[in-house]
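Q: build me a structure from this.
(one chain, ligands or ions: 1)
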Amino acid sequence: MTVAVIGLGYIGLPTAAILATNGVDVVGVDVSDRHVDAVNRGEVPFVEPDLATHVAGAVSQGRLRAQKDTPQADVYIVAVPTPFKDGYEADLSYIDAATDAIAPQLRGGELLILESTSPPGTTEHMARRVMAAREDLSLDGSRSRPVVHVAHCPERVLPGRVMIELVTNDRIIGGLTPEAATRARDVYQVFCGAQLHLTDATTAEMAKLTENSFRDVNIAFANELSVIADRLGIDVFELIELANKHPRVNILQPGPGVGGHCIAVDPWFIVSAVPEEARLIRTAREVNDGKPEVVLRQVQERAERFKDPVVAALGLAFKPDIDDLRESPALGITTALAERLPEASILAVEPNIDTLPDALADRSNVSLTPVDDALEKADVVVLLVDHKEFKNVPRERLMEKVLIDTRGVWR
Ligand code: SAJ
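A: Okay, here's the model as predicted:
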């Protein structure tokens with residue numbers, strides 16, 4: 001079996017590597033020279049624990065190579081981005097480009113798996129595109145034409161734990177036909193030690209979007225509680241801790257907003273598909289997207305009590321103990337503080353990076369500062385990310401500071 005993995009990003013490369021280290025011949029395809037060259041050297045172009053060992057091993061065994069052209073293969077796994085187009089609709093152009101490159105390579109008998117998180121109906125859209133390009137083929141053997149099997153198997157691994165969760169997470173496999181689902185199961189069985197659940201393609205697409213929407217709605221509940229608790233003058237973290245003592249209550253944690261490229265994005269694909277019906281999911285998105293403004297106002301209001309205030313913003317990443325700043329509410333809040341408080345010095349503390357991102361680098365009132373210095377100098381301290389370095393700060397260092405702890409780590 002030869003597998004071509006299209007897109008060597010956060011999901012495609014780990015999938016390619018784990019197939020290869022389990023004895024499958026894998027060709028990785030990517031539009032980026034940097035990614036292709038790095039993989040062929042046995043290197044990884046981004047940070048993910050244990051991935052580098054898998055890639056280096058697979059390349060040195062001759063099981064994994066990367067290139068820019070789409071080859072002939074028995075199985076194609078498409079793992080390309082699905083960002084927003086205008087508004088909140090998904091941009092399917094990367095999926096379309098991958099599909100158009102695969103279509104001419106097909107001979108009949110191949111399996112085409114879409115892994116990218118996608119709005120309902122995308123797998124069918126992809127199959128229709130293949131059929132439009134290749135009228136000599138079919139999806140089910142009709143009119144005696146050779147079959148191309150098409151399935152959707154969404155990724156559900158947590159960044160930072162990808163190499164573990166690829167093996168330990170159950171997977172949902174949706175076939176356009178039952179045979180497509182069965183064939184896809186055989187592929188994932190190569191490396192996945194958990195259960196593989198078969199269904200149709202649209203249910204699989206919705207399952208993925210539903211998982212992330214569930215988390216988003218539950219974080220929105222916690223974020224709304226944080227605003228309510230503030231108004232009532234009580235501690236939201238204590239409130240949630242106490243409510244969670246009930247055997248059937250399990251509230252998530254509030255924060256400065258929801259970041260990353262999954263939970264803040266995927267629910268909109270449901271809202272765009274069924275805007276009338278998806279009322280709670282839309283509201284949850286709005287609540288979470290509104291939380292950075294709540295934090296900003298709290299900081300602004302307190303900083304304005306000082307002349308030339310020094311504000312320490314602890315954390316820029318979208319979640320703890322990673323260097324990923326994409327869609328990060330902490331980064332957004334720090335940038336807006338620099339803009340709204342031109343007289344203030346903003347000390348940005350992010351132990352996981354060496355240089356400030358572009359959004360902050362040009363601002364004369366922002367500097368990347370070690371945590372100790374920032375705590376020494378600051379009048380106002382806003383904790384935005386629960387990095388381990390901040391949890392360990394001795395409490396006496398925080399005395400006489402104005403504190404805004406959005407994650408409840410210093411309670
Ligand atoms: N967050 C809170 N409060 C919480 C939990 C999270 O404010 O109680 C915030 C985080 O700080 C962060 C955001 O939510 O800003 C998202 O972080 P996360 O750790 O919940 O999730 P992601 O985006 O890293 O990964 C999610 C996972 N989905 C679910 O847990 C349902 C992962 O399994 C998916 O594979 C991934 O999205 C994806 O690629 O879709």
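Q: helix or strand for the closest residue to V162 other than its chain neighbours, which one?
A: In space, and not counting its chain neighbours, V162 is closest to P14: 4.8 Å by CB to CB, 6 or more residues apart in numbering. In short, each C-beta sits where N, CA and C put it, glycine included. Following DSSP states H and E, one finds P14 within helix 12-21.
Q: next SSE downstream of that helix?
A: Toward the C-terminus, helix 12-21 is succeeded by strand 25-29 as the next helix or strand (DSSP H and E).
Q: re the thing from before, any part of the helix holding P14 near the ligand?
A: No: Helix 12-21 stays clear of the ligand (CB under 6 Å from any ligand atom), getting no nearer than 11.6 Å.
Q: picking up where we left off before, quick one: contacts for the residue nearest to V162?
A: Residues near P14 by CB atoms under 8 Å, 6 or more residues apart in numbering: 48, 51, 54, 157, 162-163, 166.
Q: same deal with P275?
A: Here P275 is in contact with R282 (criterion: CB under 8 Å, 6+ apart).
Q: can you rerun that using 7 Å?
A: Not one residue lies near P275 by CB atoms under 7 Å, 6 or more residues apart in numbering.
Q: any figure for the gap between it and V217?
A: Distance of P275 to V217, given as CB to CB, to the nearest Å: 17 Å.
Q: does I404 count as helix, strand or coil?
A: With DSSP: H, G, I helix; E, B strand; the rest coil as the basis, I404 sits in strand.
Q: count the neighbours of R248 for me.
A: Neighbours of R248 under the rule other CB atoms under 10 Å: 4.
Q: could you say which helix or strand holds it?
A: Here R248 is assigned to no helix or strand, by DSSP H and E.
Q: mind listing what's buried along the helix holding P14?
A: 12-21 (16 or more other CB atoms under 10 Å).
Q: now that helix, how far from the centre of its chain.
A: Distance, stretch centre to chain centre, for helix 12-21: 18 Å (CA atoms, centre = their mean, to the nearest Å).
Q: same question for stretch 253-268.
A: For stretch 253-268, the distance to the chain centre is 9 Å (CA atoms, centre = their mean).
Q: average pLDDT across it?
A: Rounded to a whole number, the mean pLDDT of stretch 253-268 is 95.
Q: residues in contact with it?
A: So stretch 253-268 is in contact with 84, 88, 117, 209, 212-213, 215-216, 219, 222-223, 225-226, 236, 281, 284-285, 288-289, 291-292, 295, 318-319, 326-330, 333, 384, 406-408, going by CB under 7 Å, 6+ apart.
Q: which two in the contacts of P14 are spaced the farthest apart?
A: H54 and V157 (13.4 Å; CB to CB).
Q: so between those two, which is more surrounded?
A: Between H54 and V157, counted using other CB under 10 Å, the more crowded position is H54 (23 against 20).
Q: which strand or helix spans the more buried one?
A: helix 51-60.
Q: I'd like to know which elements that helix is packed against.
A: Where contact means 3 or more CB pairs under 7 Å, 6 or more residues apart in numbering; DSSP states H and E, helix 51-60 is packed against helix 12-21, helix 33-40, helix 162-168.
Q: give me every residue that touches the residue of the stretch 301-411 of the chain found nearest the ligand.
A: Going by CB to the nearest ligand atom, the ligand is nearest to K319 of the stretch 301-411 of the chain, at 4.1 Å. K319 sits next to 259-260, 385 when contact means CB under 7 Å, 6+ apart.
Q: most surrounded residue in the residues you listed?
A: Counting neighbours by other CB under 10 Å, V385 comes out on top of the contacts of K319 with 30 neighbours.
Q: that one - that's part of a strand, no?
A: No: read with three-state DSSP, V385 is coil and lies in no strand.
Q: how about the nearest residue to it, chain neighbours excluded?
A: Excluding its sequence neighbours, the residue lying closest to V385 (CB to CB, 6+ apart) is G315, at 2.6 Å.
Q: try P154
A: K208 (3.5 Å).
Q: which element is the one you found on?
A: helix 201-232.
Q: can you name the next helix or strand after that helix?
A: Defined by DSSP H and E, the subsequent element after helix 201-232 is helix 236-243.
Q: before we move on, what SS does the closest residue to the ligand within the stretch 1-150 of the chain have?
A: For the stretch 1-150 of the chain, the residue closest to the ligand is T117, as judged by CB to the nearest ligand atom, at 5.8 Å. Under three-state DSSP, T117 falls in the coil class.
Q: which residues touch it?
A: T117 neighbours (CB under 7 Å, 6+ apart): 82, 154, 208, 262, 266.
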